[in-house]
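In: pasted the sequence and its predicted model underneath.
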Amino acid sequence: MSIQRCITLVILLWSISGSLRAEQPVVVGSKIFTESYVLSELAAQTIESPSDHSVDRKSGMGSTGILFAALKAGAIDVYPDYTGTLAEILLNNPRLKSTDEIRQALAPLGLTISDSLGFNNTYALAVKESYAKKHRLQTMSDLLSISSQARVAFSYEFMERSDGYQEMVDRYHFKFDPEKVIRMEHSLVYEAIDKASVDVIEVYSTDANIKKYNLHVLTDDLHYFPSYEAVWVVTNAFTVRHPDLWQRLLRLKGTINEEEMRSMNAAADIDKVKFADIVSQFRGKKDLSTQVFHKTSNDNLSKEILRRTREHAWLVGVSLLFSLVVGVPLGVMATRFRKAGHLILLSSALIQTIPTLALLCFLIPIFGIGLWPALVALCLYSLLPVVLNTHTALQSIDKKHIENARAFGLSSMQILTRIELPLGSQVIIAGLKTATIVSVGTATLAALIGAGGYGALIISGLSLNNVSTILAGAIPAALMALLAHLVFGILNVIIVPLGLRRRSARSFD
């Protein structure tokens with residue numbers, strides 16, 4: 001082939017790869033609360049229209065850390081966040097106040113932000129109106145005198161933030177009783193205060209539930225909470241690859257005020273309108289002071305459950321196959337080689353001690369978001385019960401059976417497949433069953449990084465405080481775990497030798 005033809009072929013392949021890259025969808029992420037869902041849908045619709053550019057929505061991915069890790073890894077292109085969060089939590093520099101200062105600090109990370117969308121969604125403390133009147137509460141300082149008796153509930157993120165619980169307590173000198181401080185998902189604190197289970201909660205200033213639950217927001221008289229202006233956070237690569245789309249997002253500067261944002265949040269939280277419909281109506285009519293959001297017919301729930309069942313079954317099925325193909329041989333190796341065995345068992349146990357969300361965060365920079373990190377995490381978590389049960393099963397076999405097999409001239413592999421594995425099959429199957437049932441539950445967390453499954457329904461229901469949506473994910477997950485239990489019970493009858501089953505049954509009599 002001539003040099004000219006080679007150059008032509010290279011240019012052609014480069015052009016094709018470039019066109020394929022250009023066709024890749026823009027990935028828009030969101031955190032796991034209503035306003036983030038709404039704003040991410042606004043970004044998605046703004047990008048899609050009028051160019052019909054494809055968008056991959058990764059909604060409800062979890063906390064700030066997961067979103068930021070996904071953005072830095074290039075797994076998502078854009079998500080909505082707040083200036084206070086970026087400065088205090090992600091950049092660990094509370095002195096950064098303006099968007100320009102934050103933008104400069106993000107530049108070395110390959111990231112940038114837009115100007116404010118027009119509203120400040122800062123933190124605040126709230127109590128029931130009746131509670132405020134009873135104790136004459138107007139400001140956060142007024143809370144000091146009764147803080148030792150107050151029952152409080154705060155979100156997990158607020159409890160851990162540098163601009164959250166502990167610094168607030170230090171600034172106002174609150175005397176909260178640790179026994180009366182409850183951590184829970186933000187969407188559940190409203191139910192808790194409405195049922196009088198707690199007295200004080202943390203709220204967002206644009207939260208529609210303030211009005212719904214008749215709450216009194218305490219004035220931050222010491223000006224503790226920083227400004228939380230809503231902005232788009234994007235990768236620099238996105239602005240270079242899609243300058244026209246970035247300009248569209250920038251044109252949303254100052255287009256949403258607090259009342260408009262509160263109205264959209266109310267449409268989702270209270271009226272149960274779909275996010276796509278809320279945003280469509282917002283983009284079609286800017287004056288939301290008299291806006292009436294109309295409900296649209298819900299998607300067929302059975303179809304949604306079926307789709308999530310396929311996703312969940314795939315996650316669990318792959319982890320089960322991995323535990324069988326990798327876990328059982330590792331258990332055999334742990335039995336055969338003493339030194340290696342200790343290392344295998346210890347490694348499997350250590351993996352099990354890593355919190356799921358932490359492991360997902362570690363895997364995002366390597367595998368991105370979506371299916372792959374979820375699969376890797378589930379496969380790793382499935383190892384311990386299978387490895388441990390296989391090792392225990394083989395170790396507990398009476399050595400005389402092995403010696404008799406050797407006396408008959410069986411090879412090591414024949415002894416393993418014909419004697420050891422059949423005799424240990426009951427315990428090994430129990431390990432596989434345990435790994436599978438645990439995977440069914442753990443796989444619900446895969447939705448936090450966009451891998452779908454029943455967790456997508458559960459997380460969506462939590463963010464909207466919609467019990468029916470939560471149950472639409474929780475009940476099928478429980479049924480899948482029950483089905484796994486029944487299937488392994490049948491396999492136990494088919495695979496385990498009859499004599500072993502009878503002996504096991506006699507041991508329970």
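Out: Sure, I can see it. Numbers count the residues shown, from 1 in each chain.
In: are we agreed that residue 97 is in a strand?
Out: No - counting by DSSP: H, G, I helix; E, B strand; the rest coil, residue 97 falls outside a strand, being coil.
In: my read: it touches residue 87, true?
Out: Yes - when contacts are counted by CB atoms under 8 Å, residue 97 is listed as touching residue 87 (7.2 Å). To be clear about C-beta, it is placed using only N, CA and C from the backbone, and glycine gets the same treatment.
In: so what sits against both of these two?
Out: Residues touching both residue 97 and residue 87 by CB atoms under 8 Å, 6 or more residues apart in numbering: residue 226.
In: which one's more surrounded, these two?
Out: Shown here are residue 97 and residue 87; by other CB atoms under 10 Å, residue 87 has more neighbours (24 against 15).
In: that one looks like it's in a helix, true?
Out: Yes - assessed by three-state DSSP, residue 87 belongs to a helix.
In: give me the neighbour count for the nearest residue to it once chain neighbours are set aside.
Out: What sits nearest to residue 87 in space, not counting adjacent residues and going by CB to CB, 6 or more residues apart in numbering, is residue 96, at 4.0 Å. The local packing of residue 96 (other CB under 10 Å) involves 21 other residues.
In: looking at this, residue 127 is in a strand?
Out: Yes - applying three-state DSSP, one finds residue 127 inside a strand.
In: what bridges to it?
Out: Here residue 127 sits in beta bridges with residue 216, going by DSSP bridges.
In: what does residue 233 give?
Out: When assigned by DSSP bridges, residue 233 has beta-bridge partners residue 79, residue 113.
In: residue 28: what secondary structure?
Out: Secondary structure, three-state DSSP: residue 28 is strand.
In: show me the contacts for it.
Out: 40, 43-44, 47, 55-58, 76-79.
In: can I assume residue 242 is in contact with residue 26?
Out: Yes - in this structure, residue 242 is within contact of residue 26 by CB under 8 Å, at 6.7 Å.
In: overlap in contacts of these two?
Out: Taking CB under 8 Å, 6+ apart as the criterion, residue 242 and residue 26 both touch residue 53.
In: quick check: mean pLDDT of the longest helix along the chain?
Out: If you go by DSSP state H, the chain has its longest helix at helix 467-495. When pLDDT is averaged over helix 467-495, the result is 91.
In: sorry, back to before: closest to residue 263 among the contacts of residue 28?
Out: Distance to residue 263 across those (CB to CB) is lowest for residue 40, with 17.6 Å.
In: for the closest one, pull up the helix or strand it's in.
Out: Assigned by DSSP states H and E, residue 40 falls within helix 34-48.
In: just checking, what packs against that helix?
Out: strand 26-29, strand 55-58, strand 78-82, helix 243-250, helix 258-269, helix 275-284, helix 454-464 (3 or more CB pairs under 8 Å, 6 or more residues apart in numbering; DSSP states H and E).
In: now do it against helix 258-269, angle only.
Out: Interaxial angle of helix 34-48 relative to helix 258-269 (axes from the mean of the first three to the mean of the last three CA atoms, to 10 degrees): 100 degrees.
In: quick one: average confidence on helix 34-48?
Out: Here the average pLDDT along helix 34-48 is 94.
In: what's it in contact with?
Out: 26, 28-30, 53-55, 57, 59-60, 78-80, 117, 121, 187, 204, 206-208, 230, 232, 245, 248-249, 252, 261, 264-265, 268-269, 275-276, 278-280, 282-283, 463-464.
In: now, of those residues, which are buried?
Out: Taking 16 or more other CB atoms under 10 Å as the criterion, what is buried in those is 26, 28-30, 53, 55, 57, 59-60, 78-80, 117, 121, 187, 204, 206-208, 230, 232, 245, 248-249, 252, 261, 264-265, 268-269, 275, 278-280, 282, 463-464.
In: low-confidence regions, the stretch 51-200 of the chain specifically.
Out: Scanning the stretch 51-200 of the chain for pLDDT under 70 picks out 51.
In: got phi/psi on residue 207?
Out: phi -80, psi 130 (degrees, to the nearest 10).
In: not counting its neighbours along the chain, what's nearest it?
Out: Nearest residue to residue 207 in three dimensions, chain neighbours excluded: residue 265, at 6.3 Å (CB to CB, 6+ apart).
In: quick one, what contacts that neighbour?
Out: Applying CB under 8 Å, 6+ apart, the residues near residue 265 are 34-35, 38, 206-208.
In: what angle separates the helix or strand in which residue 377 is found from helix 454-464?
Out: Assigned by DSSP H and E, residue 377 falls within helix 371-381. Here the directions of helix 371-381 and helix 454-464 differ by 110 degrees (the same axes, to 10 degrees).
In: helices along the stretch 101-250 of the chain, start to end?
Out: Assigned by DSSP state H, counting those that start in this stretch, the helices in the stretch 101-250 of the chain fall at 129-135, 156-160, 165-172, 186-194, 209-212, 236-241, 243-250.
In: distance of residue 177 from residue 395?
Out: 50 Å (CB to CB, to the nearest Å).
In: nope, residue 194 is what I was after
Out: To residue 395, residue 194 is 55 Å away according to CB to CB.
In: more crowded one of these two?
Out: Taking other CB under 10 Å, residue 194 and residue 395 do not tie; residue 194 has more neighbours (16 against 13).
In: dump the residue contacts of that one.
Out: residue 213 are the contacts of residue 194 under CB under 8 Å, 6+ apart.
In: for residue 154, see how far away the most centrally placed residue in the chain is.
Out: Centroid-nearest residue in the chain, with CA atoms, centre = their mean: residue 448, separated by 1.9 Å. Using CB to CB, residue 448 is found at 20 Å from residue 154.
In: what does residue 34 give?
Out: 18 Å.
In: hang on, isn't residue 334 packed against residue 387?
Out: Yes - the criterion here is CB under 8 Å, and residue 334 meets it with residue 387 at 6.5 Å.
In: which neighbours do the two share?
Out: Joint contacts of residue 334 and residue 387 (CB under 8 Å, 6+ apart) are 344-345.
In: for those two, indicate the residue with more neighbours.
Out: It is residue 387, of residue 334 and residue 387, that has more neighbours when counted by other CB under 10 Å, with 28 against 23.
In: any idea which element that one lies in?
Out: helix 383-395.
In: can you give the distance of that helix from its chain's centre?
Out: Here the centre of helix 383-395 is set off from its chain's centre by 30 Å, with CA atoms, centre = their mean, to the nearest Å.
In: run through who's touching stretch 322-336.
Out: 340-342, 344-345, 348, 379, 382-383, 385-391, 393-395, 416, 428, 431-432, 435-436.
In: what do you get if the cut-off is 6 Å, keeping everything else the same?
Out: Outside of stretch 322-336, the residues within contact range by CB atoms under 6 Å, 6 or more residues apart in numbering are 341, 344-345, 379, 382-383, 386-387, 390-391, 394-395, 435.
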